[in-house]
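> Build me a structure from this.
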Amino acid sequence: MSDSSPAASVSADASTSPSARPAVVLDVWCELQCPDCRSALGDLRLLRERYGDRLELRLRHFPLEKHKHSFAAAQAAEEAVEQGKAWEYVEAVLGRVEELDREGEPFLVDTARELGLDAEEFDTALIDGRHILIVDADQAEGKAIGVTGTPTYVIGGERLDGGKSQEGLRERVEEIADRLLAERE
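The predicted model follows:
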């Protein structure tokens, strides 16, 4: 989900007053067919619980060529943004990576239907490619800053790679977030 997406953040949106906006941004470069990204969900939930609106989590798309349905899944996630259930959709898809592997695009549409989203609109979005530019822009930006795998986190200008191991990453994100928040007080 790109910076310009209206619901790209997990917490506050861009229309809130400056004082209500999150003080720290964590970009999460993710791929919705990636088992490591699924493993990272628990850490992301804990970060949201700990920081609330003081930490804005932004999902950024980085579909990997080795996963056949990852580009379509990124586009579907953008349609979930449009329909107001971005994070719920992302969690639902990541929670069932094996089904996405087997079923592909029909699974993405069925998941939207299960969440009460307009499944017909999901199907149309996947056909007409209306979200391709957002996904392409995220992927290009990721490559430009050195993202090579997922999940990768960027916070306070530091890139933390989680594709090899999630161990210690949440603690490192917390350390940086705490430092950045303290600097803003």
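
> so where's the protein uncertain?
Within the chain, the stretches with pLDDT under 70 are 1-22, 163-164.

> Recalculate using a threshold of 80.
The chain contains residues with pLDDT under 80 at 1-23, 162-166, 185.

> hey, where'd the strands end up in it?
24-30, 55-61, 152-155, 158-161 (DSSP state E).

> among those, which is nearest residue 168?
Taking C-beta to C-beta as the criterion, strand 158-161 is the member of those that comes nearest to residue 168, at 9.3 Å. The way it works is simple: take the backbone N, C-alpha and C, and place the C-beta from them, glycine included.

> Show me what the closest one is packed up against.
Here strand 158-161 touches strand 152-155, helix 169-184, going by 3 or more C-beta pairs under 8 Å, 6 or more residues apart in numbering; DSSP states H and E.

> Restricting to C-alpha, output the first one in PDB.
This means strand 152-155. Provided in PDB are the C-alpha atoms of strand 152-155 (Å, rounded to 0.1, in the frame of the first residue of the first chain):
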ATOM      1  CA  THR A 152      11.800  -6.000   5.500                       C
ATOM      2  CA  TYR A 153      11.200  -3.100   7.900                       C
ATOM      3  CA  VAL A 154      12.200   0.500   7.500                       C
ATOM      4  CA  ILE A 155      12.000   2.800  10.600                       C
END
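
> Quickly list what the most centrally placed residue in the chain is bridged to.
Nearest residue to the geometric centre of the chain (C-alpha atoms, centre = their mean): residue 59, 2.4 Å. Under DSSP bridges, the beta-bridge partners of residue 59 are residue 28.

> Would you check that it makes contact with residue 74?
No. Using C-beta atoms under 8 Å as the test, residue 59 is too far from residue 74 to be in contact (9.4 Å).

> What residues of stretch 107-121 count as buried?
Buried residues in stretch 107-121, counted by 16 or more other C-beta atoms under 10 Å: 107, 108, 109, 111, 112, 117, 119.

> Find the nearest non-adjacent residue to residue 158, please.
Nearest residue to residue 158 in three dimensions, chain neighbours excluded: residue 176, at 6.1 Å (C-beta to C-beta, 6 or more residues apart in numbering).

> ok, now residue 116?
Closest to residue 116 by C-beta to C-beta, 6+ apart is residue 85, at 7.8 Å.

> Let's have the strands of the chain in TSV, adding distance to residue 129.
Listed next are the strands of the chain as TSV, based on distance: least, C-beta to C-beta, whole Å:
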stretch	distance to residue 129
strand 24-30	20
strand 55-61	14
strand 152-155	25
strand 158-161	29
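
> which one of those lies closest to residue 123?
Among the strands of the chain, if distance is taken as C-beta to C-beta, the winner is strand 55-61, at 19.4 Å.
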